[in-house]
Structure formats: C-alpha cells, structure tokens
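Enquirer: just coords:
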C-alpha cells in the first residue's frame, strides 16, 4: 500500500478528480473559505480540512450552512472574495460555481442529477464525488471520509485525520452493519497505522449500566430508554448492578445483557439489521483517548446546539470545545430521548405508503426520525418529520437499506415532490431532506406518498 491515497480505487476518475482539486488548493496559497453542513458529518469534514490548510500554512475560515438552499449558496459565493471549498453539500448547484472569479472545490457524496456524469466545468472549478468513480456515497463514503482521503492526497501526513473521518462516517450512520467498501479500506489503513484500534462491544455509553441504558437512544429500547426506574428493575432481574461501571462489565455480564436486550428489540419489531447493531464493532482513538462514536456524538451535538464552530475547534485541541462538546451531548441526548418517548407514547400519522410527524425540535428532528424509523415505527414505510420555521417547513425523510432494496429513493421522492410545491429537496435514497412553503404540506405529502407508493409497488411487482 503506498503512503499516499493512490491505489484505493481503480476507476481513473478517482485520481483525476482528486488531483484536479489538489492542484487548485496548492496553486492558490490564500485564505480559503470552507462552507460546510452543520451536522456531524459536515463538522467532521470541516475539521479535517481546517487541519489540512493549517498544516499548509494557510489558516482558512469556516462557515457552517444550516439548511440546504440555493439562494444561501449564491449569497455566500457573492460575499466571498477568494477561493471557496464546499463540503458535504453543493452537488445540486454545479451551475453556480463557474461564475465565481476564484477557485472553487466541491467535495460531496450526495447523488445529483446526471450522476455519474458531471457537467463540464471550467479549470478553476473542481468537483469530487465518489459516485463518479463507482463508490456508493450512501454506504461506502461520506463527506468526512472523502475529506480525509482528499487531505491525504494533499499530504500523506494527513492520515492522522482518521478520528474525524470515522466520527463523520458514524454521524452519517455508515457504520451500521459494519463499514463497507472504501470506508472499510480506509479504516483498515488507519488500524494498520495504529491511528485506530477496534473491538466488538455493546453499543451502550455512560458511566454506569443504569445510566447507559436509561439514556440509550441507539438502540432505543421500548419500556427502558428514558425510564431509569424500569431500567433498574430490569438490570436487577438479570443479576446486574445498575451502578456497575459500563466499561468494567465482564464477558458473562455482557453476554447476559446482550441476550436480554436483543430479545426486547425483537419483541418490539425491530428489523434484524438494527438488532445486530446492538453489539457492534467499536473504534477507539488513541490520540484523543475516546471512542469514535462518542466523538461523533459530541460534534453532532455541537452542530445541533447551533455551535458547529466549536465542533471544528474541538479538532484543533481547544479544551473549552471539549468541555462544551460533553455538555452539548448531554442536552442533545436528553432532547432526542424526550422526542422518542413522545413518539413511543403518541405514535405517528399514517398514509398508505409513508408515515409522518411534526417536531418542534427543529435541529434534532432528523435524528429523531432516523432513530424512530429504526426502532419505533412501521419498518415497511419511510418516515417524514416536519419542523416549522420562518414560513417554511423543513422536512427530513428516513428509510432503511431494506426499503431501498425494494425500490425506495427518498432523494428523488423529496426532490420531485418539493419542486411540485415550489420548494427544493434532495439527498440520499435512504435519507433525504426538503424545504417547502408552509402552506403546501398537504399537497407535498400527497405527492410524496404517490411517488413512494409507485417506487415500492413497481419494485415489488418486478420481483
């Protein structure tokens, strides 16, 4: 294996796209503006890129993007008098960048119209997307692993950005069922370089067993998550002390707890892929002294708390950001847990092909929807969540890989349905988003339901 990033993908577009982007960065040693999405994957991506530019001696400035809207990107470009790097978004607006008078690099893993054939772009614009070289941006590479890999193309010293690559991939749920494809190759390389160590363990986080299980959102266990007294009684029936340190649980205790929790998940109708993730591969980051999933939660929480900049400075070693990350994670977890409890108790609205609910927790709604899809609602229909803000509804849609295998494509469904009511949308087949005028929800729901019904019916009829 070479010291750099060559050789991971045979498709010639792989090296060609990365090299074009690298040449623009190295040929323009100026202060770059990094535009990134404010979620965990976007923050992790920006963390890697800020570290990369600082290593080059060109400290950048980073701008988080909350909400994915064309006019926002137009405003940012117009207000930037220098080179721009857009990460974890931007593939839908490739027509905007040629008019910018300075270099533009776009690193995005989302599907876009015309993929895998991007439009012809001028020499000062570079577009890097794994979809174009046969890598699935939904499962095999996220924005953070893409940024990590790009940083290695710029300088092999940047292999040490492994923590942010992994934390972003976990934030984007690409670790569920185990990393695959190019993600897996990158993790293997990080392990080989002693940047990551891995082991299999229960997906529970917290100082004690009682705390870890009562505050667990992934998995969300009906009757236990958010219910400390029920957890205490459950653990004592198993012969386990709720005050026992989670990290000190021995093999017999872990086996007993795993079997009991697995039984409860099966009883609540959770699909096998999520039951299996109850015990999964864990990734320890020696340079930081934390588990990659904990790091991911801190960064995601800082983004949802409207402080994504702290998620980036955390990567620069700012001790105040580490403290803020732990505090934000506690609030993030409590808010999501409360939302899931409401769904557990109150249920969701149903249409023939999809389910939906409304959440006042705007910045947490997508996470709530994703976890509810995995653990709480009918697994045979995708789930939408609506959050109201400034005369629009922000929509997050979540499915499962099993539904995608049956024909679901939420990126298409939400893009087409949003356009039909004067909004915009897009994303991945399994997880997508949209912004629509707040007076059009019923029409949007009707159109999305129609499209999803056709996707799933057409696929089923073809079997």
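Expert: Good, I have the coordinates. Bear in mind the structure is a predicted one, so any value in this text is a computation, not a measurement.

Enquirer: Break down the stretch 301-450 of the chain into its helices, ranges please.
Expert: Taking DSSP state H, counting those that start in this stretch to define them, one finds helices in the stretch 301-450 of the chain at 308-315, 319-346, 365-375, 401-405, 410-420, 441-462.

Enquirer: can you list the weak-confidence ranges in the stretch 51-200 of the chain?
Expert: 67-68 (pLDDT under 70).

Enquirer: ok, back up a step: show me the one of the helices of the stretch 301-450 of the chain that comes nearest residue 127.
Expert: If you check each of those against residue 127 by Cβ to Cβ, helix 410-420 wins as the nearest, at 17.9 Å. All C-beta atoms are positioned from the backbone trio N, CA, C, and that covers glycine.

Enquirer: ok, back up a step: want to try TSV for the helices of the stretch 301-450 of the chain, with mean pLDDT, mean neighbour count and distance to residue 120 as columns?
Expert: Formatted as TSV, those follow (pLDDT from 0 to 100; neighbours: other Cβ atoms under 10 Å; distance: least, Cβ to Cβ, whole Å):
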stretch	mean pLDDT	mean neighbour count	distance to residue 120
helix 308-315	94	25	33
helix 319-346	94	17	41
helix 365-375	94	25	34
helix 401-405	94	17	31
helix 410-420	96	23	23
helix 441-462	86	17	31
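
Enquirer: Looking at these, which is nearest to residue 86?
Expert: Ranking these by proximity to residue 86 (Cβ to Cβ) places helix 308-315 first, at 15.0 Å.

Enquirer: Please enumerate residues in contact with the closest one?
Expert: Helix 308-315 is touched from outside by 36, 38, 40, 42-44, 46-48, 50-51, 62, 64, 163-164, 298-299, 302-303, 318, 320-322, 324-325, 328, with contacts defined as Cβ atoms under 8 Å, 6 or more residues apart in numbering.

Enquirer: for residue 247, helix, strand, or coil?
Expert: In the three-state summary, residue 247 is assigned as helix, counting by DSSP: H, G, I helix; E, B strand; the rest coil.

Enquirer: Need the buried ones from the contacts of helix 308-315 selected in PyMOL.
Expert: Below is the selection syntax for PyMOL that covers the buried ones among the contacts of helix 308-315, with 16 or more other Cβ atoms under 10 Å defining burial:
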select buried, resi 36+38+40+42+43+44+46+47+48+50+51+62+64+163+164+298+299+302+303+321+322+324+325+328
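
Enquirer: Give me the subset of the contacts of helix 308-315 lying in strands.
Expert: Counted as lying in strands by DSSP state E, out of these, are 36, 62, 64.

Enquirer: And the residue lying closest to residue 5 once chain neighbours are set aside, how close does it get to residue 170?
Expert: Residue nearest to residue 5 in three dimensions, not counting chain neighbours: residue 152, with 4.3 Å by Cβ to Cβ, 6 or more residues apart in numbering. Counting by Cβ to Cβ, to the nearest Å, the gap between residue 152 and residue 170 amounts to 19 Å.
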